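Engineer: Pasted the sequence and its predicted model underneath.
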Amino acid sequence: ATYATCPAGKYSAATAGACSSCPGGQYQNAAASSGCKACPAGNYCPTGATTTYGCPAGYYCPAGSATYATCPAGKYSAATAGVCSSCPSGNYQDAAYSTGCKGCPAGYYCPTGATTYYTCPAGYYCPASSGTYYSCAAGKYSGSGASACSNCPGGQYQSVASQSSCKGCPAVRLPSLHLA
């Protein structure tokens, strides 16, 4: 078999007699090689690569990548990531190419992988960094977008949880007393 003496980034098949560039997603760092190496996850290898290139933060590079791909909104990555990670519960990310997530503001909730924050529904409350909404207990109420529940004011009550208002106390009629 005749092999061509090829520089790094190229290879020669046994019968080719000529050098070929390593295809995208592969690399070769040694000269006089008969094949190329697969590009590992977290790296990318363009056509003819002589080395691997670390995937930049905000992007991901699965094994065999010729280039890097964008992490979409709701996800993020650090440098040399093979995959994007979903923003954890209580966080969101509204932009692509992100290296981290934003904390969910008070009065809103952000489930895992959120691309925006959602208004807390009436009858519930959402403190800062909430991944879900929480029910207001009996005796309390809230409007939409609440970060805490409020106590029913004097002269009002609420016997049911998760309510947006309180009810007026019924008038109590006391029996009249006759003083002799």
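Structural biologist: Happy to help now that I have it.
Engineer: Can you check what pLDDT the model gives Pro153?
Structural biologist: pLDDT, Pro153: 95.
Engineer: How about the one 10 residues further on?
Structural biologist: As summarised for this prediction, Gln163 has a pLDDT of 97.
Engineer: number of nearby residues for it?
Structural biologist: Number of residues near Gln163 (other CB atoms under 10 Å) recorded here: 22. (Each C-beta comes from the backbone N, C-alpha and C, glycine too.)
Engineer: Let me know the secondary structure of it.
Structural biologist: coil (DSSP: H, G, I helix; E, B strand; the rest coil).
Engineer: Report the beta-bridge partners for Ser21.
Structural biologist: Lys10 (DSSP bridges).
Engineer: That one: what's it in contact with?
Structural biologist: By CB atoms under 8 Å, 6 or more residues apart in numbering, Ser21 lies in contact with Gly9, Lys10, Thr47, Gly48.
Engineer: again with Pro7
Structural biologist: Per CB under 8 Å, 6+ apart, neighbours of Pro7: Cys19, Ala31.
Engineer: now the one 4 residues further on
Structural biologist: The neighbours of Tyr11, taking CB under 8 Å, 6+ apart as the test, are Cys19, Ser20, Cys22, Gln28, Ser33, Ser34, Gly35, Cys36.
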